[in-house]
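Participant: Just the structure for this:
(one chain, ligands or ions: 3)
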Amino acid sequence: MSDIFNNELFEAFASASDNVYIYVCDMKTNVSRWSKAAVDYFGLSGEYLEDAANVWGQHVHPDDLKVYTEDISGVFSGEKKYHDCQYRARNAAGRYVWVECKGSVIWDAKGNPIIFAGLMTRIDGQSKYDSLTGLLTTQEMHYFDFASQSGIALLIGLDGFRKIISNYGYNTGDDILIKFSREISDLCKPGWKALRFGGDEFLVIAFASDLQEVTDFYEEICQKTDNVKLEDGRKVGISISAGGAFFPQDADAREVLINKLEHSLEYAKNNQRGNMVFFSEEIARIHERGLVLREDLKQCIRNNFNGFELFFQPFINPVSGAIAGCECLLRWKGERIKDSYPMEFIKVLEDYGDIHEVGFWVMEQAIRQQAAWRDTYGELQVSFNVSYQQFLDDTFEERAISCAQKYGADPNYIIIELTESCQVEAPKELAAMFGRLREQGFKIALDDFGTAYASMEMLKWLPVDYIKVEHSFIRELAQPGHDIDYVIVDSLLEMCRRLGYNSIIEGVEDSKVAAIVGEMNATLLQGYHYSHPICRKEFEKLLDEDRK
Ligand code: C2E
Ligand code: MG
Ligand code: MG
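Facilitator: Ligands and ions are numbered 1, 2, ... in the order given. Below you'll find the predicted structure:
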């Protein structure tokens, strides 16, 4: 038996740790010695093994076998200098645990391999590796040098992961994260590093790589994740977005690099979903604006909603041409930002959970206004917008009812518009709440109907009173080549009639469109042609003229 095994050093190292195992292999005989702790923990046949690579191959998880075999054969053929890979190995109890195996070969003067020796470390539960995916954690970033090495860093995020979990459950979520991390590891070029950044985000550090290589990598990942096969055989399509930055050009320090990646990913998710977007000054500016926006909004909320205002856009009765009511639309001017539109600031309110507070303020103003107008103008149908998120607040229903009582408004003239119905995840609960609100007399509208994939499906679940047909079908109705829009709108209205819904056509911008939709038998019409959204005083002027 070779001297290399009868070495006190081997004994000393072997007993040094419970979760680090050592091995030495005589390459001429292909016999190796393993530390006693490894024999016990993995249930090996003894301290001495013949053809350990093969024995070990039987312990490796089938999903990791490729990674393991490629690495070990690369070392033995002389292609790779070091054996260095992570995989799951089956222990004596039959459970798979993550291990990191590192080793190197010693060659003789003639270039023949004589010894292969190294360490195997159990890495589950340690912070260096993520226990779910086995990828490195961000801890490892401390050891990267972004100043003297160059390359590209990518922060990849799964789109809508929260929704995936709520649709499929946590186990499937974990399954997807594991599959995804595997794909990333497999596609990484030698020398690149893949890390779990936390939650549904992954970091890839592509050292010494150019844009083309990274673009190809991203495209391949997108293709792979388009059709992920789960453990139970089901397939799901996952969309990803990524933020990218060059080092050391964009940042040579870890913290700065991470910041820039996070801002780029945020930008990609909000504006260019599914794409890889590289950091730019424009992104920095947008991020900065987002911060100011958020602070200004908070300030206004603290300051008794000072800066918020409701504008009103009339609903027109297509038969009489009279103003039948209005939609209340939120406007806002901050201390520093004065030009933000609802699409922008409502998103910020939603993202930071402030939409609840502001939404209740909108509700109160709208209901108060409806009651206040009654004596002068008669009952007006007044609508206000509510994001799906707001309905998840347990107090929503109770507050709507008590608000109508407080101001003496008749709920029959209050329309609650559900914006972005595509986000609805618990339609049964929402349907029950709509049912109770309708019992009180409130009217429910589905806003922007027809654009979201799930619009029709929603109708099956949700009891509603009004369907608001989305702008995009209406705006170009009078232009040549838009016959299909006409057919869609006409069919939607026919559907409303047959199912007993009222309809509101939004986005009537000019007289030609007004003439077309005027013939279509909608319940109400709305759009710039009749009036832009205007402040209370102007709206009251319109009402005064209308009622003359
Ligand atoms: P929405 O509820 O579909 O409101 C209609 C939007 O269309 C308004 O934009 C309005 O100004 C615009 N609009 C009206 N007529 C026309 C037209 O003829 N042509 C075109 N192109 N557009 C027209 P605005 O005020 O910018 O609001 C955008 C969205 O922000 C609203 O869409 C709604 O989803 C949301 N929003 C507004 N106020 C509130 C609010 O108080 N709470 C919530 N949760 N969302 C709100
Ligand atoms: Mg609306
Ligand atoms: Mg709308």
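
Participant: what stretches of the chain score poorly on pLDDT?
Facilitator: For the chain, residues meeting the criterion pLDDT under 70 lie at 1-2, 18, 124-127, 421-422, 452-454.

Participant: near ligand 2 at all, the strand or helix carrying Ala371?
Facilitator: According to DSSP states H and E, Ala371 maps onto helix 355-377. No - Helix 355-377 lies out of reach of ligand 2 by CB under 5 Å from the ion, never closer than 11.3 Å. (Each C-beta comes from the backbone N, C-alpha and C, glycine too.)

Participant: Please apply the same query to stretch 433-451.
Facilitator: Yes - contact of stretch 433-451 with ligand 2 (CB under 5 Å from the ion) involves Asp447.

Participant: how far does that stretch sit from the chain's center?
Facilitator: 27 Å (CA atoms, centre = their mean, to the nearest Å).

Participant: Run through who's touching it.
Facilitator: Residues from elsewhere that reach stretch 433-451, judged by CB atoms under 8 Å, 6 or more residues apart in numbering: 381, 383, 385, 391, 396-397, 400-401, 404, 410-412, 414-421, 455, 458-459, 462-473, 488, 492, 502, 504, 506.

Participant: Show me which residues of this structure sit near ligand 3.
Facilitator: Checking the chain against ligand 3 by CB under 5 Å from the ion, the hits are 447-448, 506.

Participant: of all those residues, which comes closest to Ala371?
Facilitator: When the residues of the chain next to ligand 3 are compared for distance to Ala371 (CB to CB), Asp447 wins out at 23.2 Å.

Participant: Is my assumption valid that the closest one occupies a position in a helix?
Facilitator: No - applying DSSP: H, G, I helix; E, B strand; the rest coil, one finds Asp447 to be strand, outside a helix.

Participant: so who does the closest residue to Tyr377 other than its chain neighbours touch?
Facilitator: Once flanking residues are discounted, Tyr377 sits nearest to Leu543: 5.2 Å by CB to CB, 6 or more residues apart in numbering. Residues near Leu543 by CB under 8 Å, 6+ apart: 323, 373, 376-377.

Participant: Including neighbour count and distance to Val256, could those go into a markdown table?
Facilitator: Converted to a markdown table, the contacts of Leu543 look like this (neighbours: other CB atoms under 10 Å; distance: CB to CB, whole Å):
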| residue | neighbour count | distance to Val256 |
| --- | --- | --- |
| Ile323 | 23 | 55 |
| Trp373 | 22 | 55 |
| Thr376 | 11 | 60 |
| Tyr377 | 15 | 58 |
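
Participant: for these, which one is nearest ligand 2?
Facilitator: If you rank these by distance to ligand 2 using CB to the ion, Ile323 comes first, at 17.0 Å.

Participant: separation between that closest one and Val386?
Facilitator: Going from Ile323 to Val386 by CB to CB, to the nearest Å gives 23 Å.

Participant: ok so, going back, for the helix holding Ala371, which positions count as buried?
Facilitator: Across helix 355-377, burial judged by 16 or more other CB atoms under 10 Å covers 355-356, 358-371, 373-374.

Participant: Residues contacting the helix or strand following it, please?
Facilitator: Sequence order places strand 381-387 as the next helix or strand after helix 355-377, per DSSP H and E. Strand 381-387 has contacts (CB under 8 Å, 6+ apart) with 315, 324-330, 346, 350, 355, 359, 362-363, 366-367, 369-370, 373, 396, 413-420, 423, 443, 445, 447, 524.

Participant: Now do the contacts for whichever residue of the stretch 51-200 of the chain sits closest to ligand 2.
Facilitator: Closest contact between the stretch 51-200 of the chain and ligand 2, by CB to the ion, is at Lys163 (22.8 Å). Contact analysis of Lys163 by CB under 8 Å, 6+ apart lists Glu425.

Participant: Give me the buried positions along the helix or strand that contains it.
Facilitator: Assessed by DSSP H and E, Lys163 sits inside helix 161-168. Burial within helix 161-168, assessed by neighbour count using 16+ other CB under 10 Å, is assigned to 161, 164-165.

Participant: Could you do stretch 87-99 as well?
Facilitator: Neighbour-count burial for stretch 87-99, counted by 16+ other CB under 10 Å, picks out 87-89, 91, 96-99.

Participant: nearest spatial neighbour of Phe146, skipping sequence neighbours?
Facilitator: Phe247 (4.3 Å).

Participant: what do you get for Lys468?
Facilitator: In space, and not counting its chain neighbours, Lys468 is closest to Ile504: 4.6 Å by CB to CB, 6+ apart.

Participant: pretty sure the one you found belongs to a strand, no?
Facilitator: Yes - per three-state DSSP, Ile504 lies within a strand segment.

Participant: That one: how many residues sit nearby?
Facilitator: Neighbours of Ile504 under the rule other CB atoms under 10 Å: 26.

Participant: just checking, it touches Ile467?
Facilitator: Yes - contact status for Ile504 versus Ile467: in contact at 7.4 Å, counting by CB atoms under 8 Å.

Participant: Show the residue spans covered by the strands in the stretch 101-250 of the chain.
Facilitator: Using DSSP state E, counting those that start in this stretch, the strands assigned to the stretch 101-250 of the chain run over residues 113-122, 136-137, 151-158, 193-198, 201-207, 228-229, 235-236, 240-247.

Participant: Can you name every helix or strand that the fifth one contacts?
Facilitator: Helices and strands touching strand 201-207, as assessed by 3 or more CB pairs under 8 Å, 6 or more residues apart in numbering; DSSP states H and E, comprise strand 151-158, helix 170-187, strand 193-198, helix 211-225.

Participant: how about the helices in the stretch 201-350 of the chain?
Facilitator: Using DSSP state H, counting those that start in this stretch, the helices of the stretch 201-350 of the chain run over residues 211-225, 254-271, 281-302, 342-351.

Participant: does ligand 2 sit close to the shortest one?
Facilitator: Think helix 342-351. No - against ligand 2, helix 342-351 shows no contacts by CB under 5 Å from the ion, the least distance being 9.7 Å.

Participant: Could you export that helix as PDB, CA atoms only?
Facilitator: The C-alpha trace of helix 342-351 is given here as PDB (Å, rounded to 0.1, in the frame of the first residue of the first chain):
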ATOM      1  CA  PRO A 342     -51.400  59.100 -12.000                       C
ATOM      2  CA  MET A 343     -49.700  56.400 -14.000                       C
ATOM      3  CA  GLU A 344     -46.500  57.300 -12.200                       C
ATOM      4  CA  PHE A 345     -47.400  58.400  -8.700                       C
ATOM      5  CA  ILE A 346     -50.200  55.800  -8.200                       C
ATOM      6  CA  LYS A 347     -47.600  53.100  -9.000                       C
ATOM      7  CA  VAL A 348     -45.400  54.500  -6.300                       C
ATOM      8  CA  LEU A 349     -48.300  54.600  -3.800                       C
ATOM      9  CA  GLU A 350     -49.100  51.000  -4.700                       C
ATOM     10  CA  ASP A 351     -45.500  49.800  -4.400                       C
END
